[in-house]
Structure formats: structure tokens, C-alpha cells
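Visitor: sequence unknown, structure follows:
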């Protein structure tokens, strides 16, 4: 498993992962019908940096890191992680989250915040818990789950 | 006191209020040296709608409303309010917040969220409390206050 910074040229391989995750509508606060050019903007152009996880030359996962709030909030970063369904359960999310914390510190961030974790996304919550993220907020019925309707969303946070 | 939707032409009068509030660095997550064209983008162009409060033809306060998260989060809006130092203590923030809740419902939003309220901003917190916003999150040391250093930031929320 190799984690390296992404280039725009990687996006053809990132896109199927993004599309698979986002069209399901149960984890990310992006429109389920987000188009490829919008996704490129969201995932690669807007963030401060984007990374990919490769195995045997195939991209199996990806994450971005960006500043969560400007000005007085700019010491806190935000990350988003996606893993291809072909590669789940192999520790890619854990590896990316650890990698992102190292990168965050290198970039001078002091904390990392996840703004909007669907309370139904138990796998992610368990993982962030294990990596010492604290649930610091609970947004009542803030996530409109495609099957379960309005469910709570968590804010998770870690001082690095 | 009259609250009406803002036009880009109003920005010459909005800008001194924005600049005064943001350059103080103790309430909003914008860079203290935000320039006028950036402020126009942040406050008028990017949000869904922007309003101003007028008295005797002078703009004394302003607020924006926007969607807080896309896709599964798009039923929750976010607002920001600013009052000129010349007009504080006259109930403008209360009037704008009540107005924004009415507008939010007209636009189809089901909830309103303030993402990043400095815990030192006691006036605002007391006001949102009174207007039935609930503190649903506490972000440890997420706000870098110009005088007090890293202080907590609150997430406040109201189902409309």
C-alpha cells in the first residue's frame, strides 16, 4: 500500500470511487448526482492537498485535507476519506487517517475536525473513535439518510 | 427598522460593517485582513440571500443565509449576522435572527445551524439561547482569539 499526493491526472481513477460513495447518499454531504467536473473541484481543486492510496498501480482510496475555517479557525483542518468498495476492510481508511494526521502536523495544523459524520455510519465512527477522535457535537436530524430519513450527524475532533 | 434583501449596490454600505467586525478578529472565521472584493464574495455572492437592516435610509446591520451542507445536509441552513458598532444594543441582531428564521422556512429549510460561535462571544450566545438555539457542540480550542488565544467554539442549532 502506497499513499502519495494526487495529481489532476489521477482523477479518472478517483472519480469511480467518489461516484460510488456519493451516489449512495449515506455518508457524504454532497449531492448524490454530483457530476465529474464538480467532483474534481470538490475533491482535488478546492482542498489544500489530495492523496491517493495505490496498490499494484491501482488507486483504491483517496483523501483530501483542507483548512476547516478561515482566520481564527485556520489552525484546524478537515479531511474526507473514501475507499473503493473493492478494497474495504483492508485498513485503508485507518492508514489514510493516520497519514493525514502526519500531513496535517507538517502543514502546521493543530487539530482535525470532521464536521458531519452521519450517526448511521457506524464503521467510520468506530474507526475515528479508535484513532482518538472525540465526539464533540451532535446535530439533531441534520443528515437526511436515503433509507432512514433524518438522522443525527456527529462532529468529531482531535487535537493533534 | 426595515429589513430588506440586499443588492450588490448596497455593498459600499455593508463593507464598513463587515470590515469593522472582521478586522477585530474575535467573532467571525474570516481572515482579519479580508479585502473588500473577497468580502463581497463571502457575504453577498456566495450565500443564497443577503439582507440589510435600514433605519432612516442607513444600513446598520446585515445578514446572509445559505445552505450549510450539500446533499443529505441541505435541509439545514446557516446564517451570519453583523451589526454596526453605531447600532449595537438596539435589538437589531434579535430582529435579524427572527427575520432569518422566517425566511429560512419560506426557502424550505428545516433547521438552522451556527457552526463556529466563539465561546468568548457571550452576547451572541445569550441571544441565540434566548431565541431557542441549542448548544449541540463544543469544539475545543478551535477559535484563535486575538487577545485570549485558543478558546472553544460552540455549534448552535435550532429545528425550525
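Guide: Perfect, I can see it now. Nothing here was measured: the structure is a model prediction, and the numbers come from that model. Residues are numbered from 1 along each chain as shown, chains lettered A, B, ... in the order given.

Visitor: Could you use CA atoms for every contact and neighbour count after this?
Guide: Will do.

Visitor: which stretch of helix or strand covers the residue nearest to the spatial centre of chain A?
Guide: What sits nearest the mean C-alpha location of chain A, by Cα atoms, centre = their mean, is residue A:80, with 1.4 Å. In the assignment (DSSP states H and E), residue A:80 maps to strand A:76-83.

Visitor: Let me know the secondary structure of residue A:127.
Guide: helix (DSSP: H, G, I helix; E, B strand; the rest coil).

Visitor: and it, what does it touch?
Guide: Residue A:127 makes contacts with residue A:94, as judged by Cα atoms under 8 Å, 6 or more residues apart in numbering or on different chains.

Visitor: Correct me if wrong: the residue nearest to the centre of chain A contacts residue A:63.
Guide: Yes. With contacts counted by Cα atoms under 8 Å, residue A:80 reaches residue A:63, the gap being 5.4 Å.

Visitor: that older thread, what about the strand holding residue A:80, near chain B?
Guide: Yes. Strand A:76-83 comes into contact with chain B (Cα under 8 Å from any Cα of the partner chain), by way of residue A:76.

Visitor: The helix or strand following that strand: which residues count as buried?
Guide: Downstream of strand A:76-83, the next assigned helix or strand under DSSP H and E is helix A:92-106. Neighbour counts over helix A:92-106 (16 or more other Cα atoms under 10 Å in any protein chain shown) mark A:92-94, A:96-97, A:100-101, A:104 as buried.

Visitor: export those to CSV and tack on pLDDT and distance to residue A:7?
Guide: Below are the buried residues of helix A:92-106 laid out as CSV (pLDDT from 0 to 100; distance: Cα to Cα, whole Å):
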residue, pLDDT, distance to residue A:7
A:92, 96, 19
A:93, 96, 20
A:94, 97, 22
A:96, 98, 17
A:97, 98, 19
A:100, 98, 17
A:101, 98, 20
A:104, 98, 19
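
Visitor: And those, which two are furthest apart?
Guide: A:92 and A:104 (17.8 Å; Cα to Cα).

Visitor: for chain A, what spans make up the helices?
Guide: A:11-24, A:36-40, A:92-106, A:122-130 (DSSP state H).

Visitor: Now do the buried residues in the first one.
Guide: Judged by neighbour count using 16+ other Cα under 10 Å, the buried positions of helix A:11-24 are A:11, A:14-15, A:17-19, A:21-23.

Visitor: Which neighbouring elements make contact with it?
Guide: helix A:36-40, strand A:58-67, strand A:76-83 (3 or more Cα pairs under 8 Å, 6 or more residues apart in numbering or on different chains; DSSP states H and E).

Visitor: Check what pLDDT residue A:1 gets.
Guide: Residue A:1 is assigned a predicted lDDT (pLDDT) of 88.

Visitor: now residue A:20
Guide: 97.

Visitor: One more: residue A:78?
Guide: 98.

Visitor: which residues does it contact?
Guide: Contacts of residue A:78 (Cα under 8 Å, 6+ apart): A:65-68, A:112-115.

Visitor: Compare these and tell me which is most surrounded.
Guide: For the contacts of residue A:78, counting by other Cα atoms under 10 Å in any protein chain shown, the largest number of neighbours falls to residue A:112: 26 neighbours.

Visitor: Give me the nearest residue to it, chain neighbours excluded.
Guide: residue A:77 (4.8 Å; Cα to Cα, 6 or more residues apart in numbering or on different chains).

Visitor: Would you confirm that that neighbour contacts residue A:109?
Guide: Yes. Judged on Cα under 8 Å, residue A:77 makes contact with residue A:109 at a distance of 6.3 Å.

Visitor: Make JSON lines out of the helices and strands packed on helix A:11-24 and add distance to residue A:153.
Guide: Shown next, in JSON lines, are these (distance: least, Cα to Cα, whole Å):
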{"stretch": "helix A:36-40", "distance to residue A:153": "22"}
{"stretch": "strand A:58-67", "distance to residue A:153": "20"}
{"stretch": "strand A:76-83", "distance to residue A:153": "15"}
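
Visitor: Residue A:52: which of the ones you listed is closest?
Guide: Using Cα to Cα, the helices and strands packed on helix A:11-24 put strand A:58-67 closest to residue A:52, at 4.2 Å.
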